[in-house]
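Peer 1: Turn this into a structure:
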Amino acid sequence: MYYIYILACKDGSLYTGITTDVDRRFEEHKNGRGGHYTSSKEIVRVVYTEKYPDRSSALKREAQIKGWTRKRKLNLIQLGQTKKIL
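Peer 2: Sure, this is the predicted structure:
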C-alpha cells in the first residue's frame, strides 16, 4: 500500500508527499531527513491521508494535489476530517 499525506507546517504551509509508512515518514520529516522543503520547516502534524494500491496511482494523485491551490487543499483536508467524524 502507498499513502498520500499532507503535513501542516508551523508557518502555516502544507506539504504533500507519498510513502508506504506515514508514521515513519512523519518522523523523518520531523527530524530533518524528509526532504529539502520540510528540512527548513517545523512540521506540526499529518492533516490528511489517502490510501492507494500501487506507487503509480499514488504518484498521479500526489501530482494532482500538488497542482491545487492552498484553498482547494484545505477543502480536501476539511472534507477528510468530516468523513472521519461521520
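
Peer 1: Check which strands are paired with the longest strand anywhere in the chain and give the direction for each one.
Peer 2: Identified as the longest strand of the chain according to DSSP state E is strand 43-52. Sheet pairing for strand 43-52, assigned by DSSP bridges, gives strand 2-9 (antiparallel).

Peer 1: buried stuff in the strand it pairs with?
Peer 2: For strand 2-9, the neighbour count (16 or more other Cβ atoms under 10 Å) marks 2, 3, 4, 5, 6, 7, 8, 9 as buried. Glycine gets a C-beta too; all of them are placed from N, C-alpha and C.

Peer 1: Over to stretch 36-51?
Peer 2: Buried-residue list, stretch 36-51, by 16+ other Cβ under 10 Å: 38, 41, 43, 46, 47, 48, 50.

Peer 1: and if you look at stretch 52-59?
Peer 2: Buried-residue list, stretch 52-59, by 16+ other Cβ under 10 Å: 52, 58.

Peer 1: how about it as CSV, C-alpha atoms only?
Peer 2: Provided in CSV are the C-alpha atoms of stretch 52-59 (Å, rounded to 0.1, in the frame of the first residue of the first chain):
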residue,chain,number,x,y,z
TYR,A,52,-3.6,3.6,-2.8
PRO,A,53,-2.8,0.1,-4.0
ASP,A,54,0.3,0.9,-6.0
ARG,A,55,3.0,3.5,-6.4
SER,A,56,1.8,4.7,-9.8
SER,A,57,-1.7,5.7,-8.7
ALA,A,58,-0.3,7.4,-5.6
LEU,A,59,2.2,9.4,-7.7
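
Peer 1: How far off centre is that stretch?
Peer 2: Between the centre of stretch 52-59 and the centre of its chain there are 14 Å (Cα atoms, centre = their mean, to the nearest Å).

Peer 1: Next, the residues that contact the longest strand of the chain from outside, please.
Peer 2: 1-10, 14-15, 22, 26, 29-30, 34, 58, 61, 76-77, 80 (Cβ atoms under 8 Å, 6 or more residues apart in numbering).
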